[in-house]
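1. have a look at this fold, sequence not included:
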């Protein structure tokens with residue numbers, strides 16, 4: 001997989017091949033509980049916007065599989081720091097909370113990107129460490 005594009009308003013995540021062709025499209029992704037606008041501070045409930053990388057996967061977490069994003073980037077740290085705030089962190093692409101039979105409705109994460117458990121299993125098998133991820137409004 002060459003890159004991942006997350007379109008927040010469209011609630012869509014697309015995985016692109018090295019030739020630039022879309023290989024998989026996931027619809028109805030779920031975001032932070034305050035989905036409009038970029039993440040600025042810890043606890044704001046927003047999903048970041050910008051260019052990041054998947055820097056590691058977690059097989060064991062509070063969610064069914066999780067791919068960690070390199071948020072906060074230097075510009076995120078600088079923006080929050082100038083304002084005297086923590087930029088937050090622990091932003092993942094992940095499945096549903098462990099032990100939940102049904103997928104929660106609406107945007108419910110603290111800033112992560114959530115998909116179904118079946119979707120994260122497929123994404124996990126296709127996307128490796130250091131894959132670029134672009135998150136746009």
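-> On my side now, so go ahead. Worth saying up front: this structure is predicted, and the values here are computed from it rather than measured. Numbers count the residues shown, from 1 in each chain.
2. what's near enough to touch the spatially closest residue to residue 131 that is not a sequence neighbour?
-> Nearest non-adjacent residue to residue 131, counting by Cβ to Cβ, 6 or more residues apart in numbering: residue 54, 4.7 Å away. Backbone N, C-alpha and C define where each C-beta goes, glycine included. By Cβ atoms under 8 Å, 6 or more residues apart in numbering, the residues touching residue 54 are 4, 67, 68, 69, 70, 93, 127, 128, 129, 130, 131, 133.
3. any buried residues in the helix or strand where residue 54 lies, and which?
-> Per DSSP states H and E: residue 54 is located in strand 50-58. For strand 50-58, burial by neighbour count (16 or more other Cβ atoms under 10 Å) applies to 50, 52, 53, 54, 57.
4. how about residue 49, what does it touch?
-> Per Cβ under 8 Å, 6+ apart, neighbours of residue 49: 8, 37, 38, 39, 135, 136, 137.
5. returning to what we had before: give me the beta-bridge partners of the residue nearest to residue 131?
-> Beta-bridge partners of residue 54, counted by DSSP bridges, are residue 69.
6. before we move on, what about the one 4 residues further on?
-> When assigned by DSSP bridges, residue 58 has beta-bridge partners residue 66.
7. state the distance from it to residue 84.
-> 31 Å (Cβ to Cβ, to the nearest Å).
8. cool, residue 78 as well?
-> Taking Cβ to Cβ, one finds residue 78 at 12 Å from residue 84.
9. neighbour count: the two, which is higher?
-> residue 78 (12 against 7; other Cβ atoms under 10 Å).
10. buried residues in the helix or strand the more buried one falls within?
-> Using DSSP H and E, residue 78 sits in helix 74-82. By 16+ other Cβ under 10 Å, the buried positions in helix 74-82 come out as 76, 79, 80.
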